[in-house]
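[1] sequence plus the predicted model coming up.
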Amino acid sequence: MTGHRRGETPDGAPPPPARYEFVDDASGIGSVASALESSAGPVAVDVERASGIRYSERAFLLQLRPDSGPALLVDPETPGQTIGPLAGILSARPLLLHAASQDLPSLRELGIRPSSIIDTELAGRFLGIERVNLGAMISEHLGIALAKAHSAADWSRRPLPAAWLDYAAYDVLFLHELADAVLPRLDDLGRREWFEAECRHLVESDTPVPAADPWRRLSRLSSLRDARQLARARELWMARDRVAAERDIAPKRLLTDAAIIEAARSAPTTRTELLAIEGFDGPHRRRLADEWLAALEWAAELGRADLPPRQGPPGAHPPHASWKRNEPEAAALLDLARGSIGAVAEELGLEQSLLLRPSTLRLWVWRAATAKPTSAPEDDEALLQRVLRDEGARQWQIDLTTAPLLDTVHAFRSEP
């Protein structure tokens, strides 16, 4: 099937008609496999999910394009169908993606585990480009304006509207040309090695290990004051996650974080009290009131030994939002460390988070701030290197951040 985009596009040259073939049966999968096997070089890949709508991050559409020809759009959700030989073919080929960290988990769920990738968004970040979304980069480097009309659409819907397929095709039709435009500039700046190290890291990282206490990611959890409140929040989070998985619906569409925190704080014991809390009202949520009350009742019956500790698992640290109030030394060192990393990032024209993940910086700051006051300089260096290695920092990041962070902690310790 061949399609094209209709309607208005942003300022700039409109794109040519979107050339694509849509496949939703086994014979079509075979044709796509043949097209890929007869091509050479990287395959441009993208996926469409139903983020914020469905429970999982699985792909509801797989978009492919070899080095030439139309986009190949594959529906992996057709009953009784899998992507079959495509998983093996794509796993053996370099894949060209934009924002690979978002798409790799969905690809792995389809059985696609690439041996190498090229990420054009990551290339843009290493070039210091301010706007690295696909539309902005294609506009800047190729002079083509793409509308993002369906980026938040429910891609689990069937049948998929033709306009959505047009939109999906454009996500891979220009990736080869974009890579040709931006990758040589990495060589000009001497940053190709950094870029390739990051691409390898994305491939080798595989699926992140689930957090030990995922419920601790609840927004504003630090506003809860005691262990019993934390237990209510935990049990409500777990009930929400279970029901969401059973119904294949995004958890926050069932119950917001804010509603969980308020219920954990106020401890409703009756249906009337629960439904009076904002976020628990409404016909759809009312039907689940018994689930939430059961979770709250379970939390109320827990013995003291079963209540969650204020701090997370060993090796973690209290929420950094509370440091200024409860851990002023850690907060002060964090401000200084951010300033040091910020200075390096500004000099290079890069964003700070590319130099070092914020979570890695916070973990090192916490351990350094809570270390024994008698720590020698060599102890500070050993601690920093250990945290950087354990957190998976790449060698180029270690090379750029070690000296400024050590200078920072030494200056911090020498202050009266």
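    Sure thing, it's come through.
[2] lowest-confidence helix or strand of this protein?
    Every helix and strand in the chain was compared by mean pLDDT, DSSP states H and E; the lowest is helix 283-286, with a mean of 79.
[3] how about that helix: buried residues?
    For helix 283-286, a neighbour-count test (16 or more other Cβ atoms under 10 Å) marks Arg285 as buried. No exception for glycine: its C-beta is placed from N, CA and C like everyone else's.
[4] so what secondary structure elements neighbour the helix or strand harbouring Val243?
    If you go by DSSP states H and E, Val243 is part of helix 227-247. Here helix 227-247 touches helix 251-254, helix 257-266, helix 289-301, going by 3 or more Cβ pairs under 8 Å, 6 or more residues apart in numbering; DSSP states H and E.
[5] right, so those: which one is the most enclosed?
    Among these, the stretch with the highest mean neighbour count (mean count of other Cβ atoms under 10 Å) is helix 257-266, at a mean of 20.
[6] who's in contact with the helix or strand following that one?
    Using DSSP H and E, the next helix or strand after helix 257-266 towards the C-terminus is helix 271-275. When contacts are defined by Cβ atoms under 8 Å, 6 or more residues apart in numbering, helix 271-275 is touched by residues 263, 266, 268, 280-281, 286, 289-290, 292-293, 296.
[7] pull the distance from helix 271-275 to the chain's centre.
    A distance of 35 Å separates the centroid of the chain from that of helix 271-275, by Cα atoms, centre = their mean, to the nearest Å.
[8] got a markdown table for the contacts of helix 271-275, with distance to Ser51 too?
    Below are these laid out as a markdown table (distance: Cβ to Cβ, whole Å):
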| residue | distance to Ser51 |
| --- | --- |
| Ala263 | 25 |
| Ser266 | 31 |
| Pro268 | 31 |
| Phe280 | 24 |
| Asp281 | 25 |
| Arg286 | 26 |
| Ala289 | 27 |
| Asp290 | 29 |
| Trp292 | 24 |
| Leu293 | 30 |
| Leu296 | 29 |
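[9] quick one: which of those residues is nearest Pro14?
    For the contacts of helix 271-275, the minimum distance to Pro14 (Cβ to Cβ) is 45.6 Å, reached by Asp281.
[10] ok, Ile268 - contacts?
    If you look again at residue 268, you'll see it is Pro, not Ile. With Cβ under 8 Å, 6+ apart, Pro268 has these contacts: 274, 276-277, 293, 296.
[11] what about Ala123, neighbour count?
    Neighbour count for Ala123, taken as other Cβ atoms under 10 Å: 25.
[12] does the nearest residue to it once chain neighbours are set aside lie in a helix or a strand, and which?
    Distance criterion Cβ to Cβ, 6 or more residues apart in numbering; nearest residue to Ala123, sequence neighbours excluded, is Val182 at 4.8 Å. For Val182, the host element (DSSP H and E) is helix 175-189.
[13] how far does whichever helix or strand comes after that helix sit from its chain's centre?
    Using DSSP H and E, the next helix or strand after helix 175-189 towards the C-terminus is helix 192-205. Offset of helix 192-205 from its chain centre (Cα atoms, centre = their mean): 16 Å.
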